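[1] I would like the atomic coordinates for the input below:
(chains A and B)
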Amino acid sequence: MEFAYPGVRGAGPLRFRLGALTFDIAAGEILGVVGPNSAGKTTLIRLLSKVVAPLRGEIRLRGQPLAGLSRAEVARDVAVVPQMTPDALPVTVAEAVLLGRYPHGSGRFFESPADRAVSREAMAATGVLDLASVPVARLSGGERQRVVLARALCQEPQLLVLDEPTTHLDFRHQGELVGLVRRLQRRAGLTALIVSHDLNLAAEVADRILLLNDGRIERLGPPDAVLEEATLSRVYGCPVVVDKHPASRRPAIHLVWPEAPDRGSRA
Amino acid sequence: MSAARLVRVLGVLTAGALAAAAVALFVGSAGLAPGRVVGVLLGQGSDAEALVILGLRLPRIGAALLAGGALAVAGAGFQALTRNPLADPSILGVSGGAALAVVLAQLLGFGSSLVAVLGVATFAFGGALGAALLVYAIAARDGQLPLQTLLLAGVIVGLFFSAAITVVISVVELDRLAGVIHWMLGNLTALSGDALGVFLLLLGAGVWLIVGRARQLNVLALGEEPALQLGVEAERVKRRVFVGASLLTALVVAFAGPIGFVGLIVPHAVRLVLGADNRLLLPASLVAGATFLLVADTIARNIIAPAEMPVGVITAVCGAPFFVYLLRSRA
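    Coordinates of the predicted model:
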């Protein structure tokens, strides 16, 4: 998968804030995409999933320009796990997961037995098979996240895009999610793009990190190389310290919180 | 969802509709004994009896079934489109737009020929589309349709159109708009063979436009962007369902008047029992809506016999409290 999007800024009705971007994602790789607010992370997801078309340049999927593919064709290759939303559909887990089969039979009115088999596998992979007949509205945040992940796996994508996958999740569920992504990568050769504000999450799971800044690639490389104090402090515009996670030995990034001003110093 | 379940559910609902139709055939202000009704059906009744049963009651039953089915599917369609269970052709002002167009068409003096029937239906369709586009233009914010704005826009547009109708009625001599007040309340009449045929054909087209995209509507319930990312051509689906729902609304307004709340009550009740899957919800709403309006109309025909209550009054009496309940239970 290649991604090329040369210099367009502030033009057009949607005002993409993405400049010249060229990168590719290798099969079986997990690419972490990080950057400050409005660096272009969301736009990147929209471009990759053909929600919006690039004003210039092109996105290629296994050599084919995205613009020439139908939405269903794109959805068979790129699955997006959107940020969690508070409202849930009034459907069961099994029904919600089966929606992911749509791109594989968009002309059919009902899902095929093969579709059902794939969705059962996907539910098993994310550990929600036991919840199949439970209404989605009754699930916890962590469970819902795994339902949406199962739906995305149902698409049998070449590339899985996770948008802020750990927001609203507590420590245990964050850990479970990371474990799940790692298992999928190891066993099923998952290729994933994880977009997150959480630098430590990216440092932990990503093979390479793409640091976006103002619509441009600031750095692209292994976590050790990209997540440096000087670079991050400059890009985020605030002091940051980086050391090693005591357990995983991966980079651990800490914000240096501003101190309260001295009592006497207020003029 | 499987084909077998759909067939089973539709079988049960159709049996209910047939039972209601049978009852409706036997009751009426003419006060015919059941034996006489059976006699007519066997071809043994007098001319007067045959006129009541075959010329009045049967076409009226047909009109009620068609109008009820159309309204329920239109309501369910608008609900899927706006991702809002409170949407309904009358609440969204779509019926009002169609009604104004029909009043104008009557002023132009369409008769009762087949061309005229098609002409009025076309006018109504134009009015419904116009009103729906207007409501959408007023309520849409960045492609979203917030609940409050949508309902308010619908009410405002509906009020505007009913005011416009009042202006027309005030300006024109009333005899050129014979029965318009009665019609405005939503009033089923026995339709001629031609009219029933046109109604049935266009109803089929409208239902096909909506039900044919039931699976896409299920995905669209996730939201616009997730639907695009799952491969749904969202804009195309929405346009098609929008046209279908407006067409169904227009048909009912043209042939029976603006009957309210059927599109709200029926899909909601069906959803409670059968779930939100549009592949089941839409066809089931078609049959359940037909049955509901037939029952309401049978009550309307008989409750103050020999006079008739407009059926729209019955549906509004059921529907308004139901709407309040839905609005409260969402909060």
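[2] any idea where the helices of the stretch 51-200 of chain A begin and end?
    Assigned by DSSP state H, counting those that start in this stretch, the stretch 51-200 of chain A shows helices spanning A:71-77, A:93-98, A:113-125, A:141-154, A:171-188, A:199-205.
[3] any weak-confidence spans in the chain?
    Using chain A. Applying pLDDT under 70 to chain A picks out residues A:1-20, A:86-87, A:264-267.
[4] Chain B is the one I meant
    Counting by pLDDT under 70, chain B shows low-confidence ranges at B:109-115, B:143-145, B:147, B:174-179, B:186, B:190, B:330-331.
[5] Residue numbers of it in contact with chain A?
    Residues of chain B lying close to chain A (Cβ under 8 Å from any Cβ of the partner chain) are B:1-3, B:214-216, B:218-219, B:221-223, B:225-226, B:228-233, B:271, B:275-277, B:279. Where C-beta positions appear, they are placed from N, C-alpha and C, glycine not excepted.
[6] Could you find the closest non-adjacent residue to the residue in the stretch 151-267 of chain A that chain B sits nearest to?
    Relative to chain B, the nearest point of the stretch 151-267 of chain A is A:Gln155 (7.3 Å; Cβ to the nearest Cβ). In this structure, A:Gln155 finds its nearest non-sequential neighbour in A:Ala79, 4.1 Å apart by Cβ to Cβ, 6 or more residues apart in numbering or on different chains.
[7] Run through the bridge partners of the one you found.
    Applying DSSP bridges to A:Ala79 gives these bridge partners: A:Leu160.
[8] That one: what's it in contact with?
    Neighbour list for A:Ala79: A:Gly100, A:Ala152, A:Leu153, A:Gln155, A:Pro157, A:Leu159, A:Leu160, A:Val161, B:Gln229 [criterion: Cβ atoms under 8 Å, 6 or more residues apart in numbering or on different chains].
[9] at 10 Å what do you get?
    For A:Ala79, the contact set (Cβ atoms under 10 Å, 6 or more residues apart in numbering or on different chains) comprises A:49, A:100, A:103, A:148-149, A:151-162, A:192, B:229-230.
[10] filter the residues of chain B next to chain A to the buried ones?
    Buried by 16 or more other Cβ atoms under 10 Å in any protein chain shown: B:1, B:214-216, B:218-219, B:221-223, B:225-226, B:228-233, B:271, B:275-277, B:279, out of those.
[11] Among the residues you listed, which ones are in helices?
    B:Ala214, B:Arg215, B:Gln216, B:Asn218, B:Val219, B:Glu225, B:Pro226, B:Leu228, B:Gln229, B:Arg271, B:Arg279 (DSSP state H).
[12] wait, doesn't the last one sit right on B:Ala214?
    Yes. With contact defined as Cβ atoms under 10 Å, B:Arg279 counts as touching B:Ala214 (4.3 Å).
[13] if I look at these two, which residues touch both of them?
    Common neighbours of B:Arg279 and B:Ala214 are listed as A:Phe109, B:Met1 (criterion: Cβ under 10 Å, 6+ apart).
[14] Quick check on whichever residue of chain B sits closest to chain A: phi, psi?
    Proximity of chain B to chain A (Cβ to the nearest Cβ) peaks at B:Gly231, 3.4 Å away. Dihedral angles of B:Gly231 (phi, psi; degrees, to the nearest 10) stand at phi 100, psi 10.
[15] Next: the one 5 residues further on.
    Main-chain dihedrals, B:Arg236, degrees, to the nearest 10: phi -60, psi -40.
[16] do A:Ile217 as well
    Dihedral angles (degrees, to the nearest 10) for A:Ile217: phi -80, psi 120.
[17] Look up which residues are beta-bridged to the nearest residue to it once chain neighbours are set aside.
    Residue nearest to A:Ile217 in three dimensions, not counting chain neighbours: A:Leu21, with 5.8 Å by Cβ to Cβ, 6+ apart. Note on A:Leu21: beta-bridge partners by DSSP bridges are A:Tyr5.
[18] burial count for A:Leu21?
    23 (other Cβ atoms under 10 Å in any protein chain shown).
[19] likewise the one 5 residues further on?
    Other residues lying near A:Ala26 total 10 when counted by other Cβ under 10 Å.
[20] from memory it sits against A:Ala192, does it?
    No. Taking Cβ under 10 Å as the definition, A:Ala26 is not a contact partner of A:Ala192, at 11.5 Å.
[21] quick one: contacts for residue 132?
    With no chain named, the answer covers chain A. For A:Ala132, the contact set (Cβ under 10 Å, 6+ apart) comprises A:Thr92, A:Val93, A:Ala94, A:Glu95, A:Ala96, A:Val97, A:Ser119, A:Arg120, A:Met123, A:Ala124, A:Val147.
[22] Can you look at chain B instead?
    Contacts of B:Ala132 by Cβ under 10 Å, 6+ apart are B:78, B:81, B:89, B:92-94, B:97-98, B:154, B:157, B:242-243, B:245-246, B:249.
[23] tell me the secondary structure for A:Ser233?
    helix (DSSP: H, G, I helix; E, B strand; the rest coil).
[24] Neighbours of it, how many?
    16.
[25] where does it sit relative to A:Ala203, distance-wise?
    Counting by Cβ to Cβ, to the nearest Å, the gap from A:Ser233 to A:Ala203 is 16 Å.
[26] tally of neighbours for the residue nearest to A:His245 when sequence neighbours are not counted?
    Using Cβ to Cβ, 6+ apart and skipping the chain neighbours, the partner closest in space to A:His245 is A:Ala252 (4.3 Å). For A:Ala252, the count of nearby residues is 18 (other Cβ under 10 Å).
[27] quick one: contacts of the helix or strand containing A:Ala252?
    Assessed by DSSP states H and E, A:Ala252 sits inside strand A:251-255. Among residues not part of strand A:251-255, those counted as contacts by Cβ under 10 Å, 6+ apart are A:34, A:198-200, A:202-204, A:209, A:222-229, A:232-233, A:236, A:238-246.
[28] Mind checking which of these are in strands?
    Members of the contacts of strand A:251-255 lying in strands (criterion: DSSP state E): A:Val34, A:Ile209, A:Val240, A:Val241, A:Val242, A:Asp243, A:Lys244.
[29] what separates the third one from A:Thr231, distance-wise?
    What it means is A:Val240. From A:Val240 to A:Thr231 the distance is 9 Å (Cβ to Cβ).
[30] Of these two, which one has the most company?
    When A:Val240 and A:Thr231 are compared for neighbours, A:Val240 comes out ahead with 20 against 17, by other Cβ under 10 Å.
[31] Just say helix, strand or coil for the residue positioned nearest the centre of chain B.
    For chain B, the residue nearest the mean C-alpha position is B:Leu71 (2.2 Å; Cα atoms, centre = their mean). State at B:Leu71, reduced to three classes by three-state DSSP: helix.
[32] With that, I have no additional questions.
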